[in-house]
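*Asks:* please work out how this folds:
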Amino acid sequence: MKTEQLTVIAQFVAKPGMETALAQALGALVAPSRSEEGCINYDLHQDNTDSAHFLLYENWVNAAALETHFTMPYLLQFLEQSEGLLAEPFTMMRLHIVSAADSILVKPVQLK
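*Replies:* Numbers count the residues shown, from 1 in each chain. Below you'll find the predicted structure:
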């Protein structure tokens, strides 16, 4: 059974020397995004071995909440300013949960 909840994974690569600036710009999205109606979580991660790589891991109650998020002024401002910070265009995946507790794909396994 497909749930309405959506997961977003967005990946960013900073230009050389712009790692701190990108971290700050992405970090500024966290608090306002978390306060949006429909946001379950909004977490910023940085690669352990390559400080230029960042990942946003987000969960939203449904597509409408995510679409509203995409219209927020602070996000639009980030998108405008990020061009000068990024080594390449960011990537984004929209995912739905297939391992929810009520999913037919998830069956208990007995370990011997």
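
*Asks:* buried set for stretch 88-103?
*Replies:* F90, I97 (16 or more other CB atoms under 10 Å). C-beta: built from backbone N, CA, C; applies to glycine.

*Asks:* could you pull up the mean pLDDT of it?
*Replies:* Stretch 88-103 shows a mean pLDDT of 85.

*Asks:* repeat for stretch 19-33
*Replies:* 98.

*Asks:* can you tell me what sits against it?
*Replies:* 12, 14, 39, 42-44, 46, 51-52, 54, 56, 58, 69, 72, 74-75, 78, 81-82, 85-86 (CB atoms under 8 Å, 6 or more residues apart in numbering).

*Asks:* repeat that for 7 Å
*Replies:* Contacts with stretch 19-33, where a contact means CB atoms under 7 Å, 6 or more residues apart in numbering, come from 12, 14, 39, 42, 44, 46, 51-52, 54, 56, 69, 74-75, 78, 81-82, 85.

*Asks:* what's the burial count for L76?
*Replies:* As a burial measure, L76 scores 11 neighbours (other CB atoms under 10 Å).

*Asks:* quick revisit: please, a PyMOL command that selects the buried ones among the contacts of stretch 19-33?
*Replies:* Here is the PyMOL selection string for the buried members of the contacts of stretch 19-33, based on 16+ other CB under 10 Å:
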select buried, resi 12+14+39+42+44+46+52+54+56+69+82+85
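
*Asks:* identify the single longest helix in the protein, thanks.
*Replies:* Longest helix in the chain by number of residues (criterion: DSSP state H): helix 19-34.

*Asks:* buried ones in that helix, by neighbour count?
*Replies:* So, applying 16+ other CB under 10 Å, buried residues of helix 19-34: E19, L22, A23, A25, L26, L29, S33.

*Asks:* which element follows it toward the C-terminus?
*Replies:* strand 39-46 (DSSP states H and E).

*Asks:* and that following strand, what does it pack onto?
*Replies:* helix 19-34, strand 53-60 (3 or more CB pairs under 7 Å, 6 or more residues apart in numbering; DSSP states H and E).
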